[in-house]
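> Please work out how this folds:
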Amino acid sequence: MPRSLTAARVRGVVLFALCALAPACVFAQGFSALVSPPRFEDRVRPGTVYRNVVEITNVSGAAARYTLKTADWHLDAQGTAVFDDALAPGSCRPWVGLEAAQIQVAANGKRRYRFEVAVPADAPVGECRFAILLEGEPESVGGAMALPVSGRIGIILYLGVGDAAAQLRLLGTSVGANKLPLLQVRNEGNAHSRLEGLIDGTDGNGRKLSFMPDSVPLMPGETRMVALNPQADDANSAAPTLVYPLQLKGALDWDKQRLPIDARLTP
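Here you go, the predicted model:
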């Protein structure tokens, strides 16, 4: 590993405030950063080093200093990433090297930031998942009762090691509280995936519809409900209101495989 890379330690574009002691979060006024890409999904072979670059843009009119570190993460029930400083069991973060723990980016400037993942030769087949957290300097917000608030961006990485692959299985269908059809899908593989494509449907009035699945990651060993969203006729039209019973028939794609669906749903 090059000397310019420091070993990573513990713990889109998405901007959010960190204010655990405040009743409501407030964006840090001086934190105006963009990252590209906000997510990496790639593959790596055991015994090799994966290298890549994320572009960090400071869109404010003043120079900004950022701190960077790695974190483990998991998805909550809503599919939102939750970051954790503690090293999770089996974490691949010890393989990760970051270019620098702190960087400064000029006003309205850009910085290409390097990172690498040195995968051991005996690494098990599976998926290396971690995040690179980009954090701004804390600022005081709130006047006399000022609280330190900082902004953060989480850059998510999925690296399939060896022949890691998802294995999706449809466990059932149902109708959610919002009247959308739901697929209960379990991932029995050792890598994440997402359902893609369109599936045909016919509602209780005989109307032909197309449905697109939510792009929520399906993690290894997890079962998740995936909503199917009815598609409007064009970009300027509202999504159609569903009339049940609803017949679904077709298949959705994941990686190079297909998940067949043939179900009749009633609320």
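
> contacts and neighbour counts: CA atoms only from here.
Fine.

> What pLDDT does the model give the residue nearest the centre of the chain?
When CA atoms, centre = their mean is applied to the chain, the residue found nearest the centroid is Ile156 (5.8 Å). If you check Ile156, the pLDDT there is 96.

> what helix or strand does it sit in?
strand 147-161 (DSSP states H and E).

> same question for the next helix or strand after that strand, mean pLDDT?
Using DSSP H and E, the helix or strand that follows strand 147-161 in sequence is strand 168-175. Averaging pLDDT along strand 168-175 gives 97.

> So which other helices or strands are in contact with the very next helix or strand once past strand 168-175?
Note on strand 168-175: by DSSP H and E, the next helix or strand toward the C-terminus is strand 181-187. Judged by 3 or more CA pairs under 8 Å, 6 or more residues apart in numbering; DSSP states H and E, the packing partners of strand 181-187 are strand 168-175, strand 223-230.

> The closest residue to Arg39 other than its chain neighbours and Arg114, how far apart?
Counting by CA to CA, 6 or more residues apart in numbering, Ile156 is the residue found nearest to Arg39 once chain neighbours are left out, at 4.8 Å. Separation of Ile156 from Arg114 (CA to CA, to the nearest Å) stands at 15 Å.

> Could you do Leu168 as well?
The value you get for Leu168 to Arg114, if CA to CA is used, is 34 Å.

> neighbour count winner among the two?
Taking neighbours as other CA atoms under 10 Å, Leu168 and Arg114 compare with Leu168 leading, 24 against 16.

> who does the more buried one bridge with?
Counting by DSSP bridges, Leu168 is bridged to Asn187.

> from memory it sits against Arg186, does it?
Yes: if you go by CA atoms under 8 Å, Leu168 and Arg186 touch, sitting 5.7 Å apart.

> List of residues touching stretch 228-240?
By CA atoms under 8 Å, 6 or more residues apart in numbering, the residues outside stretch 228-240 that reach it are 180-183, 209-214.

> Stretch 35-47 too?
Contacts for stretch 35-47 (CA under 8 Å, 6+ apart): 12-13, 50, 54-57, 118-123, 153-162.

> Show the end-to-end separation of it, please.
29 Å.

> Report the rounded mean pLDDT for that stretch.
Mean predicted lDDT for stretch 35-47 stands at 96.

> tell me which element Leu209 falls in.
strand 208-213.

> Now do that strand and strand 223-230, the angle between them.
140 degrees (axes from the mean of the first three to the mean of the last three CA atoms, to 10 degrees).

> from the middle of its chain, how far away would strand 208-213 be?
24 Å (CA atoms, centre = their mean, to the nearest Å).

> So what are the sheet partners of that strand and their directions?
strand 199-202 (antiparallel), strand 223-230 (antiparallel).

> What angle do strand 168-175 and the helix or strand following the longest one make with each other?
Stepping forward along the backbone from strand 223-230, the first helix or strand reached (DSSP H and E) is strand 246-254. Going by the same axes, to 10 degrees, strand 246-254 is angled at 150 degrees with respect to strand 168-175.

> Which secondary structure elements does strand 246-254 sit against?
Using 3+ CA pairs under 8 Å, 6+ apart: strand 246-254 touches strand 199-202, strand 257-265.

> Could you count how many residues lie near Glu222?
Glu222: 12 neighbours (other CA under 10 Å).

> no, scratch that, I was asking about Cys92
19.

> do the same with Arg152
Neighbours around Arg152, by other CA under 10 Å: 23.

> I'd guessed it sits against Gly136; true?
Yes: between Arg152 and Gly136 there is a contact under CA under 8 Å: 6.5 Å.

> what is the rounded mean pLDDT of stretch 118-125?
Mean predicted lDDT for stretch 118-125 stands at 98.
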